[in-house]
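Peer 1: Sequence and predicted model, in that order:
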Amino acid sequence: MHDANDAPDVLVLSEHPLFRRFFYVACFSRDVGAAPVARRILGTDLVIWRAEPDGAVSVALDRCAHRDAPLSRGWIKDCHLVCPYHGWEWDRQGHTQRIPQFPEARHPSKSGLTMVRSDERYGMVWVCLDDDPLVGIPPIPEWGAPGWRTVPEYEFTFECTAMHLLENNFDPGHVAFVHRNTFGNPDRPELTDTEVARTSYGLETSGQVPVESRPGEVGATVRTTVSKLYAPFFGHIAITYPDGLRHVMIKAITPVDDERCNRAQTVLRTDTEEDRPAADILAFDVEVENEDRQLLELLPTPFPLAVHLNAHAQADRNSLAIRRLWSDVVTGRWTPSW
Ligand code: FES
Ligand SMILES: [Fe+2]
């Protein structure tokens, strides 16, 4: 038990409507083409479509007001989204345009779609389920900046909570072990302390992690990282290697429901395609993600928020700061801004 002002022992996202007030990545922009697509965020099913091939995206609840059919199983015709059950049609604002059985009849007042706030930025479709977002879309300053190139990766689904994945992405201690077959080495697990600071947007943590390789290369090196967590689940992880190469991992983690999450990852680098082909970076990251996934999917839910529920050692400073941050978010003691 806990009193009203205290954080719960475990974090179950559906118990906190506040999480609906953040923008999350629904999918990559490139995945919304000629047909509507389905995604789920915080247990809410959504349909995402483009009324015109190069037009803006629209997002609505994935349920027809007529007989509850999933609109994501429909199609686009004459710039309208068409329901697959009885063929009702809506424009990109969700206004009913046609009920084909009696086209001249008046449209019932509840026939329109329930639209959801959305935007496209950084090659991704962002969605906020609430009409009153707490903060906007997190910044990615390297995007389109001179000297930087972009390597969009994949959407990965993890059968674990968004909290477990985010914590993992900010956890230097697991690299030597979970990634022992790629870039980690269990014989070199020692770390130096990380610096962790609360910021206006979340947390910033920096430190060094010894690694055995980097994408497409072999040979031990060290990652000097500055990792930013934009509350609640967006990671901007900036690595600098000893030769000056910079490698930014954008980890946009989206809670699918209380037990699953998606991550859309994008890499930004200061080298060129000739220096290191995108295919090498993708192959490396897919292997690494699968290593994390296999471990994370073994962990129990719900996520243990209270510090007393686990043992914590010196390598867990990030993790402790993250748990305190989420505790402050759910209790309303702290609100991010950027
Ligand atoms: S259920 Fe959509 S038109 Fe009937
Ligand atoms: Fe990992």
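Peer 2: Thanks, I have it. Residues are numbered from 1 along each chain as shown. Ligands and ions are numbered 1, 2, ... in the order given.
Peer 1: what's the burial count for residue 16?
Peer 2: Counted with other C-beta atoms under 10 Å, the burial measure for residue 16 works out to 17 neighbours. For glycine as for every other residue, the C-beta is placed from the backbone atoms N, C-alpha and C.
Peer 1: Contact residues of the stretch 201-338 of the chain facing ligand 1?
Peer 2: Taking C-beta under 6 Å from any ligand atom as the criterion, ligand 1 has no neighbours within the stretch 201-338 of the chain.
Peer 1: Quick one, grab the pLDDT at whatever residue of the stretch 201-338 of the chain ends up closest to ligand 1.
Peer 2: Ranking the residues of the stretch 201-338 of the chain by distance to ligand 1 (C-beta to the nearest ligand atom) places residue 257 first, at 23.8 Å. As predicted, residue 257 sits at a pLDDT of 98.
Peer 1: Contacts only, for it.
Peer 2: When contacts are counted by C-beta atoms under 8 Å, 6 or more residues apart in numbering, residue 257 touches 13, 14, 40, 42, 43.
Peer 1: so who does residue 157 touch?
Peer 2: 256, 260, 261, 262.
Peer 1: Not counting its neighbours along the chain, what's nearest the second one?
Peer 2: Going back to what we said before, that points to residue 260. In space, residue 260 comes closest to residue 159 once its chain neighbours are excluded; the distance is 5.6 Å by C-beta to C-beta, 6 or more residues apart in numbering.
Peer 1: One more: the first one?
Peer 2: The shortest distance from residue 256 to any residue other than its chain neighbours is 5.1 Å, reached at residue 40 (C-beta to C-beta, 6+ apart).
Peer 1: By neighbours, which of the contacts of residue 157 wins?
Peer 2: Neighbour tally across the contacts of residue 157 (other C-beta under 10 Å): the maximum, 26 neighbours, falls on residue 261.
Peer 1: you'd agree that residue is up against residue 168?
Peer 2: No: with contacts counted by C-beta atoms under 8 Å, residue 261 stays clear of residue 168, the gap being 10.9 Å.
Peer 1: does residue 285 belong to a helix or a strand, and which?
Peer 2: Using DSSP states H and E, residue 285 falls within helix 278-296.
Peer 1: outside of that helix, which residues touch it?
Peer 2: 151, 153-154, 156, 158-160, 164-165, 168, 174, 178-179, 181-183, 214-216, 263, 265, 267, 269.
Peer 1: Can you give the distance of the one helix or strand the residue nearest to residue 256 maps to from its chain's centre?
Peer 2: Secondary structure assignment for residue 40, by DSSP H and E: strand 37-41. Centroid separation between strand 37-41 and its chain, computed with C-alpha atoms, centre = their mean, to the nearest Å, is 13 Å.
Peer 1: Follow the chain on from that strand and name the next helix or strand.
Peer 2: Moving on from strand 37-41 towards the C-terminus, the next helix or strand you reach (DSSP H and E) is strand 44-50.
Peer 1: List the buried residues for that following strand?
Peer 2: Applying a neighbour-count criterion of 16 or more other C-beta atoms under 10 Å, one finds 44, 46, 47, 48, 49, 50 buried in strand 44-50.
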